[in-house]
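Need a 3D model of the following:
(one chain, ligands or ions: 2)
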Amino acid sequence: MYLEDLKKNGDFLTLTRNNEFHLPASSFTLDNGTLVEVLDTGVIQFTPSGRTSKDVVLSSAIHGNETAPIEICDQLIQSIIKGELALKQRVLFIYGNPKSINIAKRFVEENLNRLFNGEHAKGDIQNPERVRAEKLEQYVTAFFSDVEEGRYRCHYDLHTAIRGSKNEKFAVYPYLHGKPWKKQQLQFLLSCGVNTVLTMRAAATTFSYFSSFVFGADAFTVELGQVKPFGENDMSRFAKTKSTLSALISQESVEYKQFNANDFELFQVHRTINRTQEQFTFPFPESAVNFTGFNEGELLATDGEVEYLAEVDGEAIIFPNANVALGQRALLTVIPMEVSDKFI
Ligand SMILES: O=C(O)CCC(=O)N[C@@H](CCC(=O)O)C(=O)O
Ligand SMILES: [Zn+2]
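Numbers count the residues shown, from 1 in each chain. Ligands and ions are numbered 1, 2, ... in the order given. This is a model prediction of the structure:
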């Protein structure tokens, strides 16, 4: 069994990479009383012995080539298992797509982050990502549900972006269906080194939307920089993120700086442009970065015969990707947003 090695080296990442699709469940207890439960490959749950108030999900490798978040979670998991980081809150760590880590690709057959909220069960398609999305939903459901009602829930789904970005780190706030956005969450993100937040205006099939919508968790997709292979991440750029996540899980409560709207750049999604045709192109080069703004009337994308022109001055591009599957999002555009009474 793998437990003896895991207890010694805390290397759940290698264990996960060596078992791309399944790992038998097992558990043990650390000297400090924390229960460690391996639920599956890439899924490990920690329950401290004392009273806890928060249920925290930290996911990475939903896209396998986004390595910096994987390294952050690897470091946190190793420190917990080695007894260097003593937990005060329940935590579920997830490496989403182990095989895609090994092949250093965004996904194997289908983009995992378009399969949540039940999307994995639609149509006749069968593939490993659909199986995994269903299982991950089940693990998150059990994690949030196997405790008494009314506890605090959050889920930070950690990613890196394909392109460079004017604002290096940014977070996607899933659509809240009219519920208010939380200043305290913006303060948490700021403490992580993330001062830019996009608010979505529609339901989605992403992992963060699933936890937000189904469980009322404070959930975000957090983009921590640009995609790089293992070994090429400058981990000093993630020091604030790692220390803020460590504090979240190792302290009974955390005080963040007082809210000041001037600390943030907030955007709202203006529109989503899907690729519907084989012939889909952008007029800008691969080097064009996220948050590049366009003037009204400038071409943003061409989908077959349809030309999408910027509708307002300053309409800025996010996640442009002409290679997505037909029917999927190829581009988001955003416009600036002010803090209002919809923030509590
Ligand atoms: O840089 C890119 O093109 C994609 C980076 C990435 O994986 N972003 C997430 C955002 C999810 C969300 O909208 O909350 C994704 O596309 O899945
Ligand atoms: Zn990603």
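
count of residues packed around S165?
Neighbouring residues of S165 were enumerated by other CB atoms under 10 Å; the total is 20. Heads up, the C-betas are built off the backbone N, CA and C, glycines and all.

That one contacts Q226, correct?
Yes. When contacts are counted by CB atoms under 8 Å, S165 is listed as touching Q226 (7.2 Å).

Tell me if the top helix by length along the chain is near ligand 1.
Among the segments of the chain that qualify as a helix by DSSP state H, the longest is helix 128-145. No. In terms of CB under 6 Å from any ligand atom, no part of helix 128-145 sits within range of ligand 1; the closest distance is 12.4 Å.

Spell out which residues of the stretch 101-250 of the chain are next to ligand 2.
When proximity is defined by CB under 5 Å from the ion, the stretch 101-250 of the chain lies next to ligand 2 at H159.

can you give me the strands for the stretch 101-250 of the chain?
Per DSSP state E, counting those that start in this stretch, the stretch 101-250 of the chain has strands spanning 152-161, 170-173, 196-199, 218-226. These are given in chain order.

what helices or strands is the first one leaning on?
In other words, strand 152-161. Other helices and strands packing on strand 152-161, by 3 or more CB pairs under 8 Å, 6 or more residues apart in numbering; DSSP states H and E, are strand 54-60, helix 67-81, helix 207-215, strand 218-226.

which element is Y308 on?
strand 306-309 (DSSP states H and E).

The helix or strand following that strand pairs with which strands, and in what direction?
As assigned by DSSP H and E, the chain's next helix or strand after strand 306-309 is strand 315-318. In its sheet, strand 315-318 lies beside strand 293-294 (antiparallel), strand 329-336 (antiparallel), with partners assigned from DSSP bridges.

In TSV, list those along with distance to F12 and mean neighbour count.
Rendered in TSV, the data for those read as follows (distance: least, CB to CB, whole Å; neighbours: other CB atoms under 10 Å):
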stretch	distance to F12	mean neighbour count
strand 293-294	42	18
strand 329-336	32	20
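
hmm, back to that, can you tell me which helices and strands the longest helix of the chain packs against?
Applying 3+ CB pairs under 8 Å, 6+ apart, one finds that helix 128-145 makes contact with strand 35-40, strand 43-47, strand 54-60, strand 90-95, helix 207-215.

Out of these, which gets nearest to ligand 1?
Closest to ligand 1 of the helices and strands packed on helix 128-145, according to CB to the nearest ligand atom: helix 207-215, at 5.3 Å.

one step back: could you give me the average pLDDT of the strand holding Y308?
Averaged across strand 306-309, the pLDDT comes to 98.

One more: stretch 122-136?
For stretch 122-136, mean pLDDT is 97.

Buried ones in it, by neighbour count?
Across stretch 122-136, burial judged by 16 or more other CB atoms under 10 Å covers 128-130, 132-133, 135-136.

Excluding chain neighbours, what is closest to P283?
Residue nearest to P283 in three dimensions, not counting chain neighbours: L299, with 4.7 Å by CB to CB, 6 or more residues apart in numbering.

got it, and L198?
What sits nearest to L198 in space, not counting adjacent residues and going by CB to CB, 6+ apart, is F267, at 4.8 Å.

mind listing what the one you found touches?
Taking CB atoms under 8 Å, 6 or more residues apart in numbering, we find F267 in contact with 196-199, 316, 334-337.
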